[in-house]
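Asks: When you get a sec, could you give me coordinates for this:
(2 chains)
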Amino acid sequence: MTKTSRLFKWIYLIIILLFLYLPIAVMMIQSFNSGLSISKWEGFTFRWYENLFSGKEKSIVSALQVTLSVAVIATVVSTVLGTLGAIGIYGMKKRTQSVMMTLTNLPNTMPDIVTGVSLMLLFIFVAGGGSRGYFTMLLAHITFDTPYVILSVLPKLKQMNSHTYEAALDLGATPGYALRHVIIPECRQGIVTGAMLAFTLSIDDFTISYFTAGSKVQNLSMLIYSAARRHVDGTFYAVSTAMFVVLLILLLAVNKHTVSADS
Amino acid sequence: MRYDVTLPWWAWVLMGLGLAAFAAMVVVSVRRNRGVKRSLFAAPYTLWMIIFTIVPLIIIVYYALTDASGNFTLNNLRDFWDSNYSRRAGASSPAIQARLAARGMSNMEPLLYSLWMAFLCTVICLVLAYPTALFMADRRMKRASSLVILFVVPMWMNVTLRTYAMRILMVDDGPLINFLRLIGFADAQLMDTPTAVLIGMVYNFLPFMIFPIYTVLSKLDPALLEASSDLGASPGRSLIKVTMPLSIPGVVSGITMVFMPAVTTFTLNVMLGGSKRLMLGNLIEQTFTKQNNWNMGSAMSLVMMVLILISLTILRKADPNNEGGGL
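Replies: All right, here's what the predicted structure looks like:
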């Protein structure tokens, strides 16, 4: 390969990367701009971050609380549900197993908007129009997180030597003991990956939360969505930048974990 | 902030009983001696998925196939396709008729607009992504493959956040518009145009095209290319005759992962297009939230799901072993 063609290829890759990251870079720079205009630099400031962390913006603080608490609870519940589910599915007969896998993959193939709308209908159907809020959003998050935990844990179970479990039983372990001391340690990496994935997806979600949370509760994505159509000050850039950095760290951690788990 | 939950008492009792049943099942299956089936561990998950995935789908189908008073009807589906829907008397609620009349169009227009935008987005993504994946997978490009993580991260990055950032770039006094004006487009405008929505779509979904193609290309046996060049093929001919046909599973997977979310999005159109022209997603959202017409909204959701299922089936045919990976 000639030098020019290599150079050309590198330039192409860099242009695509610029396209992907330039908007976020502009947003980050803007979060330190003391002026409000996007095209004029009026000096460096931490004011928007002070606004954010001093808790003056009530809506942002409560959105942050909602996002984080939903993510933590949904992660814990879906990890337990999903890990037990994966172990159960692994122990099933081929036929039931494939039915369960179709069920697990179903939310993946459904468009987010349909998932959101269908859950919204369920909540209103069962508990009335006023029922939508924090709790229903949490239920929705657990619902879309759990299949990802299953899909992370199941491959680890398949890699495991299935005779170890039977050996433990033959040696007198109860199924519960074998579960805690044989199966779970074997698929720990899958469980951790699944939990991290669930947490990220939960922080990330907009569409399903939008339909299931009603008008009383907002998470960060919903806040950014509603702010986009208004003229907003730099606090929103600051909160978006902070969110970007947190998500980036999470994603790099998930990636590192999966890579090291695979090798 | 509000954590108050207003459920009727019987819903709480039901949930309590459900949780107790979960707990009992888990405890029993853990405590019992060996005869116990391991598949019991999946019982809570199965129950959860039935309640929160299957039942909601049944509700959608139920509402799509009934009218406001709960009688079976196919009118909702027929009305969706019928372009004279708005003008036909007694078709549905007066509120929708008025709205549709004011808009001067049927549901077909948002549907076609969505499909057209998603198609354009998919083509542009493919054109931009294929060389990207090819160059990254090129073994002679040292260190290029370490860039992969940079292309993967945006796949999992919040859509509203990324669209918000894109919006900052495209607003009327933003850097992009100022640049366009500088080079001679005096009346350049991006916000609230279909172009802005399309740019936003490409920006959001491009990584979903790059990643599967890269995955397939990086697994390609380099010996194949050596063989093709030993047999006298030029690099260009090798690309067309060897690399491209073998990368089809990745391309198919990429098309799926771009086209599906592009057809169903409503966020992008609101944030970048100002909802000037409705897309299918906006139509569904507004039918539920603004008009409160569950029957029509469910019918639209059903149409969307069928559309997705048909496209998935067609695409699966082209990549039967799911070599392209996907998510």
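
Asks: Can you read off the pLDDT for A:His231?
Replies: On pLDDT, A:His231 comes in at 62.

Asks: I should have written B:Arg103 there, sorry.
Replies: In this model, B:Arg103 is scored at 46, pLDDT.

Asks: got it, and the one 4 residues further on?
Replies: In the predicted model, B:Asn107 carries a pLDDT score of 72.

Asks: For burial, what's the neighbour tally of it?
Replies: 24 (other Cβ atoms under 10 Å in any protein chain shown). Any C-beta I mention is one placed from the backbone N, CA and C, and that applies to glycine too.

Asks: what are the phi and psi values for the residue lying closest to B:Thr264 once chain neighbours are set aside?
Replies: Distances taken as Cβ to Cβ, 6 or more residues apart in numbering or on different chains place A:Pro111 nearest to B:Thr264, at 3.8 Å, with adjacent residues excluded. Here is the backbone geometry of A:Pro111 (degrees, to the nearest 10): phi -60, psi 140.

Asks: quick one: pLDDT of A:Pro111?
Replies: So A:Pro111 comes in at 90 (pLDDT).

Asks: That one reaches B:Phe266, doesn't it?
Replies: No. With contact defined as Cβ atoms under 8 Å, A:Pro111 and B:Phe266 do not form a contacting pair (10.1 Å).

Asks: buried stuff in the helix or strand harbouring A:Gly82?
Replies: Following DSSP states H and E, the helix or strand that holds A:Gly82 is helix A:58-90. Using 16 or more other Cβ atoms under 10 Å in any protein chain shown as the burial criterion, the residues of helix A:58-90 that qualify are A:60-64, A:66-68, A:70-71, A:74-75, A:77-90.

Asks: what do you get for stretch A:164-182?
Replies: So stretch A:164-182, judged by 16+ other Cβ under 10 Å, has buried residues A:Tyr165, A:Ala168, A:Leu169, A:Ala173, A:Thr174, A:Pro175, A:Gly176, A:Ala178, A:Leu179, A:Val182.

Asks: ok, the fourth one to A:Ile183 distance?
Replies: What it means is A:Ala173. A:Ala173 sits 11 Å away from A:Ile183, going by Cβ to Cβ, to the nearest Å.

Asks: C-terminal to the worst-scoring helix or strand of chain B on mean pLDDT, what's the next element?
Replies: Least confident helix or strand, chain B: helix B:94-103 with a mean of 54, by mean pLDDT, DSSP states H and E. Next along the chain after helix B:94-103, taking DSSP H and E as the criterion, comes helix B:108-137.

Asks: need the residues of the stretch 151-263 of chain A near chain B, please.
Replies: The interface of the stretch 151-263 of chain A toward chain B, taken as Cβ under 8 Å from any Cβ of the partner chain, is made up of A:169, A:174-176, A:179, A:200-201, A:203-204, A:206-207, A:211, A:216-217, A:221-222, A:224-225, A:227-229, A:236-237, A:240, A:243-244, A:247-248, A:251-252, A:254-255.

Asks: Let's see that with 7 Å instead.
Replies: Selection of the stretch 151-263 of chain A residues close to chain B by Cβ under 7 Å from any Cβ of the partner chain yields A:169, A:174-176, A:179, A:200, A:204, A:206-207, A:216-217, A:221, A:224-225, A:228, A:240, A:243-244, A:247-248, A:251, A:255.
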